[in-house]
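> okay, here's the prediction I keep looking at, along with the sequence it came from:
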Amino acid sequence: MSSNLIALLYSATLQTLYMVAASAILGTIFGLPLGVYLATSQRGELLSSPWVNKILGLVVNAARSVPFIILVVAIIPFTRALVGTSIGTDAAIVPLTIAAIPFIARLVENAIREVDAGLIEAARAMGATPLQIIRKVLIREALPGITLGLTLAVVSLIGYSAMVGAVGGQGLGDLGIRYGYQRFMPDVMLAVVIILIVMVQLVQSIGEWIAARVDKRAPRNRGR
Amino acid sequence: MSGTGAPLREAGATIIFDRVGKAFDGPGGSRVSALEDVSLTVQPGAICGIIGRSGAGKSTLLRMVNGLERPTSGTVSVAGHDVGNANGAALRRIRREVGMIFQHFNLLASRTVYGNIALPLEIAGAPAAEIHPKVENLIARVGLEALRERYPAELSGGQKQRVGIARALATSPKVLLSDEATSALDPETTQTVLRLLSDINRDLGLTILLITHEMAVVRDIASQMAVIEGGRIVEEGATYDVFAQPRHPTTRSFLGGVTGLTLPAFIAGRMQDHRPDGPAQAVIRVTFAGDHATDPMLANLATELGIAANILAGAIEEIGPHPFGNLLIAVDAARGDEARTYLERHGLLTEVLGYVV
């Protein structure tokens, strides 16, 4: 493999990392509160508001039903309005984030709903406001589950980021298609696949390590 | 645990339930009534035990004191505040005056012993400088100094409930609510937790309202009690009086287990309500109250009247500072009235339960 190709692989890896990191952070910024709200706005819950909950749930489901590649193309006008172009890594971050938000929201919602209702009752009995209960009880107690959910989301985003290559999004996926497939360079394809595998493994291991660190539910996980 | 000076009785608050009712929407538009017309006053500094079977409504009643449940009729007041109609910030302020402990402890798994006890103070917005000494003080009070940095998963049930108690006391409440706090604990641990609650009541003078399905818990620490059945209070009064003279069948069935009120099966099966012709034995329940509990009355009965009593069941115990006993005896039916008159003249309570041939 020529040094030219190695330079290409290197910059494609950085582009993928940039797209995944940016969309994961933005997706969490919007998805986490949305997930918390989905979990707490159900009938009889802390912020009980069943109608809003139902409508938001529909929107989230609708967003999740659109195949990612369709989403990328469908929101091109929106992407262009937002970042000025529909090509390149910055443009790719828009559909990646749009796809990440409902996904992360559902994962966060599930993790929050796992929290024992007795803890919410105890916090209410202490005179906590709903916001205090969310911050000090729900999010903190659900943190191991939220961490694992975000890990899953990041792994999915790595896969999605390869797809935006097809519409000029750059990154590893783009490199694999253009060089590995269209120019028939199997060594590039192999390198791309190996880098993606290593990336996913690292993300998964780091995610599980963090989740274990914040999980105090079993004595074996005692950490300081 | 310091017992210096007079108990701070004024620290406790009065709890008043006034004709409280609670109805839920049932299936098919019907209304299901969980509580009906419940009136009860808990004196400041008292320990009041509410006993009932599961589903009797005791849990709903307890949760009304801190507004976790709202009455659909009547009023609930704590230290003069109308809890049932309080909302928002006013309700949260009342809740900080009312601590609560739970059957399953409800500790945050993600926080240490210290962190769990600090939580109510953080919620109340106390400055850090104020939180630290207070939490240290509470940890010492419940004897968990060595476990300060442990997580709940590393504690035993009794230790978790101690954390729960310390947490409930963090905001210096006037009332402590106990929701079956010892039901998940073994008998020995139950005793130490009850002792801790007693000590806290004595030292801090706060009012304790507890619900339980175990009569032994009421006997061991409650000064006042109420029996609840089907959403109504069927009997209430000073614990000692209720134990000495239970009137309602539910109360008696609860008492059976703890005060020797249960007849042996071979006698219970042969009991009849009316005195049969011919020789028979009268089964009499004798309650030894107060000072008489320690007098050898049955021996006196034998020596003075020559009536021999056959003891069928019995127990003598203490309710608060008072010795208290219950005996089930059988005497010759022909002399039953004579025996009862003698015993009652000496201050005992008697009741004929039936006759056996």
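In hand now; what should we look at? Numbering: from 1, shown residues only, chains lettered A, B, ... in the order given.

> near chain B, which residues of chain A show up?
Within chain A, the positions near chain B by CB under 8 Å from any CB of the partner chain are A:116, A:118-119, A:121-129, A:132, A:136-137, A:140-141, A:143, A:214, A:216-219, A:222, A:224. Glycine gets a C-beta too; all of them are placed from N, C-alpha and C.

> domain ranges for chain B?
B:9-97+B:173-256, B:265-356 (automatic domain parsing).

> determine how far the last one lies from the middle of the whole chain.
Translated: domain B:265-356. Distance, stretch centre to chain centre, for domain B:265-356: 28 Å (CA atoms, centre = their mean, to the nearest Å).

> what does the longest one give?
Averaging C-alpha positions (CA atoms, centre = their mean) puts domain B:9-97+B:173-256 8 Å from its chain's average.

> how about that domain against chain A, any contact?
Yes - counting by CB under 8 Å from any CB, contacts between domain B:9-97+B:173-256 and chain A involve B:66, B:68, B:91-96, B:177.

> quick one, phi psi at residue B:274?
Residue B:274 adopts backbone torsions of phi -110, psi 150, taken as degrees, to the nearest 10.

> can you report how many residues lie near it?
Residue crowding around residue B:274 was assessed by other CB atoms under 10 Å in any protein chain shown; the count is 8.

> and the pLDDT for it?
Confidence at residue B:274, expressed as pLDDT, is 85.

> what sits closest to it if chain neighbours are left out?
Nearest residue to residue B:274, sequence neighbours excluded (CB to CB, 6 or more residues apart in numbering or on different chains): residue B:355, at 7.0 Å.

> any idea which element that neighbour lies in?
Using DSSP states H and E, residue B:355 sits in strand B:349-356.

> elements contacting that strand?
strand B:281-289, helix B:336-345 (3 or more CB pairs under 8 Å, 6 or more residues apart in numbering or on different chains; DSSP states H and E).

> contacts for the first one, please.
Taking contacts as CB atoms under 8 Å, 6 or more residues apart in numbering or on different chains, the residues outside strand B:281-289 that touch it are B:240, B:244-245, B:261, B:263, B:267, B:271, B:275, B:295, B:297, B:310, B:312, B:316, B:322-333, B:336, B:339-340, B:343, B:347-357.

> hmm, back to that, compute the inter-axis angle for the strand holding residue B:355 and helix B:336-345.
Per axes from the mean of the first three to the mean of the last three CA atoms, to 10 degrees, the angle that strand B:349-356 makes with helix B:336-345 is 160 degrees.

> mind listing what's buried in strand B:349-356?
B:349-350, B:353-356 (16 or more other CB atoms under 10 Å in any protein chain shown).

> please apply the same query to stretch B:146-158.
Within stretch B:146-158, the residues that count as buried by 16+ other CB under 10 Å are B:147, B:150-155, B:157-158.

> can you check stretch B:318-335 too?
Neighbour-count burial for stretch B:318-335, counted by 16+ other CB under 10 Å, picks out B:319, B:322, B:324-333, B:335.

> for the buried residues of stretch B:146-158, which one is nearest residue A:110?
Nearest to residue A:110 out of the buried residues of stretch B:146-158 is residue B:153 (CB to CB; 21.9 Å).

> tell me the mean pLDDT for stretch B:90-110?
95.

> what's the span of it from first residue to last?
Distance across stretch B:90-110, first residue to last, is 29 Å (CA to CA, to the nearest Å).

> also stretch B:242-253?
Stretch B:242-253 has an end-to-end distance of 13 Å (CA to CA).

> ok, and what's touching that stretch?
Contact with stretch B:242-253 is made by B:52, B:219, B:225, B:227, B:229, B:234-236, B:255, B:259, B:261, B:287, B:289, B:319, B:324, B:349, as judged by CB under 8 Å, 6+ apart.

> who's in contact with residue 171?
Answering for chain A, as no chain was given. A:12, A:15-16, A:19, A:89, A:92, A:161-162, A:164-165.

> think we crossed wires, I meant chain B
A:126-127, B:96-97, B:99, B:120-121, B:124.

> of those residues, which belong to strands?
Counted as lying in strands by DSSP state E, out of the contacts of residue B:171, are residue B:99.

> determine which two of the contacts of residue B:171 are furthest apart.
Farthest pair in the contacts of residue B:171, by CB to CB: B:97 and B:121, 14.0 Å.

> okay, these two: which has more neighbours?
Set residue B:97 next to residue B:121 and count neighbours by other CB under 10 Å: residue B:121 wins out with 23 against 18.

> what's the closest non-adjacent residue to that one?
residue B:131 (4.6 Å).

> still on that earlier bit, JSON lines for the domains of chain B, including distance to residue A:56?
Shown next, in JSON lines, are the domains of chain B (distance: least, CB to CB, whole Å):
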{"stretch": "domain B:9-97+B:173-256", "distance to residue A:56": "25"}
{"stretch": "domain B:265-356", "distance to residue A:56": "57"}
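
> highest mean neighbour count out of these?
Among the domains of chain B, domain B:9-97+B:173-256 has the highest mean neighbour count (mean count of other CB atoms under 10 Å in any protein chain shown), at a mean of 19.

> which secondary structure element of chain A has the lowest mean pLDDT?
One helix or strand of chain A scores below all others by mean pLDDT, DSSP states H and E: helix A:172-175, with a mean of 89.

> C-alpha coordinates for it, CSV please?
Extracted as CSV, the C-alpha positions of helix A:172-175 are listed here (Å, rounded to 0.1, in the frame of the first residue of the first chain):
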residue,chain,number,x,y,z
LEU,A,172,-14.0,5.5,5.8
GLY,A,173,-17.2,4.3,4.1
ASP,A,174,-16.6,6.7,1.2
LEU,A,175,-13.0,5.5,0.9
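
> report the mean per-residue pLDDT for the helix or strand just after that helix.
Remark: after helix A:172-175, the chain's next helix or strand is helix A:186-214, criterion DSSP H and E. Helix A:186-214 shows an average pLDDT of 94 in the prediction.
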